[in-house]
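Asks: got a sequence here, can you build the structure:
(one chain, ligands or ions: 1)
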Amino acid sequence: MKAFILDRYGSADGVRAGEMPVPHLQENDVLVQIHAAGVNVLDSKIRNGEFKSFLRYRLPIILGHDVAGVVVGVGSRVRRFKPGDEVYARPADGRIGGFAEFIAIAEDDVAIKPKALTMEEAASIPLVGLTGWQALIERANLKRGQSVLIHAGSGGVGTFAIQLAKHAGATVATTTSAVNAGLVRSLGADVVIDYHKDDFAQVLRDYDVVLQSVDKVTLEKSLRVLKPGGQLISVSGPPDAAFARTIGAPWILRMVMGALSYGIKTKARRRHVNYSFLFMRANGRQLTEITSLIDDGIIRPVVDRVFPFASTKEAMTYVEAGRAKGKVVVSLK
Ligand SMILES: NC(=O)c1ccc[n+]([C@@H]2O[C@H](COP(=O)([O-])OP(=O)(O)OC[C@H]3O[C@@H](n4cnc5c(N)ncnc54)[C@H](OP(=O)(O)O)[C@@H]3O)[C@@H](O)[C@H]2O)c1
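Replies: So this is what the prediction gives:
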């Protein structure tokens, strides 16, 4: 099958279009013919070797963390899916490979695709949708009447998280460029801060939650907008010891991650707020809940650009530039 293959860590030169065998189906797997694949910053970070310490891939691998397509085969123990089902998924770490014609995914990581969405729209959802869910619902336990600051509201994570937070009943503030103010308002943002012009830390006070996905300066400033007991949840680092324990990292990595987050954790403690790092994970059950929200018209996808499959490397470069409005997808049609 055709695929985009990572041969060596480093730069875009390490990725090439080539042929790979169709993946072997294990007893709990579904084999999906991929119609569209979402492109994430994570693909480039893995390609650059940034996550080598805890995502121990043996190269070559196929990149790609988001897929939508049709089930064409099921393992002997699969009960919830059958050939012909239209599905979408964020395959588990260690089993990625969305930039290809086929992928084998554990049944537990797959969900039925939202009915009204095209394959391209569906492929834009899983990774950012699960990130929003795991940050705002699972970890922050966001409740009606609470307030949340979502950084980079016009990005992949932000466009989903704003809608989810509104559905939870929260007041939502977000940072974005003036040009994207209309987009984030249309998604439900109540307070829109142009980060080029205004300092969010001067404007916002007593927030319950911050979802952080940008740089270190923004991370530290975010502490100031939280009320005592508030939560700063970062998906862009630094990783902490709790995360290291979750992934069963060896003690040396636990020490390193503990050291990396020592500064922000200490500053958070002084302000009586909590800092934690989140690294999203595959979860078909949560993705099924997301399907319902999309089917009910509560959340909609925001797709910036669709590239042809042959242009997957260009799609990655576009995402790396950091200016995407919503998601970038490659189509295998
Ligand atoms: N740990 C995890 O599980 C996890 C999961 C998902 C994502 N992430 C990480 O989270 C980060 C964001 O991911 P993403 O998919 O949302 O990225 P993305 O879609 O590529 O983000 C692009 C958007 O970010 C905005 N932006 C850039 N700098 C900004 C700033 N300083 N303030 C406000 N907005 C800013 C841009 O708007 P302008 O053009 O207006 O600047 C653009 O719309 C990445 O580092 C990614 O690796 C982590």
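
Asks: residues in the chain within reach of the ligand, list them.
Replies: The chain comes close to the ligand at residues 40-42, 45, 128, 131, 151-152, 154-158, 175-177, 180, 195, 213-214, 218, 235-236, 278-280, 319, 322-325, as judged by C-beta under 6 Å from any ligand atom. Every C-beta, even on glycine, is put in place using the N, C-alpha and C of the backbone.

Asks: the same query, at a cut-off of 5 Å, please.
Replies: Proximity of the chain to the ligand is confined to 41, 131, 152, 154-157, 175, 177, 195, 213-214, 235-236, 279-280, 323-324 under the rule C-beta under 5 Å from any ligand atom.

Asks: and these, which are buried?
Replies: 41, 131, 152, 154-157, 175, 177, 195, 213-214, 235-236, 279-280, 324 (16 or more other C-beta atoms under 10 Å).

Asks: now intersect those residues with the strands, please.
Replies: Judged by DSSP state E, strands contain the following of these: residue 175.

Asks: average model confidence for the lengthiest strand in the chain?
Replies: Among all segments of the chain classified by DSSP E, the strand with the greatest residue count is strand 29-39. Strand 29-39 shows a mean pLDDT of 98 in the predicted model.

Asks: ok, it: who's next to it in the sheet?
Replies: Paired strands of strand 29-39, with direction, are strand 66-74 (antiparallel), strand 102-106 (antiparallel), strand 327-331 (antiparallel) (DSSP bridges).

Asks: what does the longest one rub up against?
Replies: Just to be clear, that refers to strand 66-74. Applying C-beta atoms under 8 Å, 6 or more residues apart in numbering, the external contacts of strand 66-74 come out as 25, 29-40, 81-91, 98, 102-103, 105, 107, 113, 117, 119-120, 122-127.

Asks: ok so, going back, now render the strands paired with strand 29-39 as JSON lines, adding mean neighbour count and mean pLDDT.
Replies: Supplementary listing: those in JSON lines, determined by neighbours: other C-beta atoms under 10 Å; pLDDT from 0 to 100:
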{"stretch": "strand 66-74", "mean neighbour count": "23", "mean pLDDT": "98"}
{"stretch": "strand 102-106", "mean neighbour count": "23", "mean pLDDT": "98"}
{"stretch": "strand 327-331", "mean neighbour count": "24", "mean pLDDT": "98"}
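
Asks: which of these sits closest to residue 252?
Replies: Distances from residue 252 to each of the strands paired with strand 29-39 were compared using C-beta to C-beta; the shortest belongs to strand 102-106, at 29.3 Å.

Asks: what's the next secondary structure element after that closest one?
Replies: Following the chain from strand 102-106 toward its C-terminal end, the next helix or strand by DSSP states H and E is strand 110-112.

Asks: show me what that following strand is packed up against.
Replies: Using 3 or more C-beta pairs under 8 Å, 6 or more residues apart in numbering; DSSP states H and E as the contact criterion, the neighbours of strand 110-112 among helices and strands are strand 86-89, helix 284-295.

Asks: looking at those, which is buried most?
Replies: Comparing those by mean neighbour count (mean count of other C-beta atoms under 10 Å), strand 86-89 comes out on top with a mean of 26.

Asks: that one pairs with which strands?
Replies: strand 66-74 (antiparallel), strand 110-112 (antiparallel).

Asks: before we move on, the earlier item: what would the strands paired with strand 29-39 look like in JSON lines with distance to residue 167?
Replies: Formatted as JSON lines, the strands paired with strand 29-39 follow (distance: least, C-beta to C-beta, whole Å):
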{"stretch": "strand 66-74", "distance to residue 167": "21"}
{"stretch": "strand 102-106", "distance to residue 167": "27"}
{"stretch": "strand 327-331", "distance to residue 167": "19"}
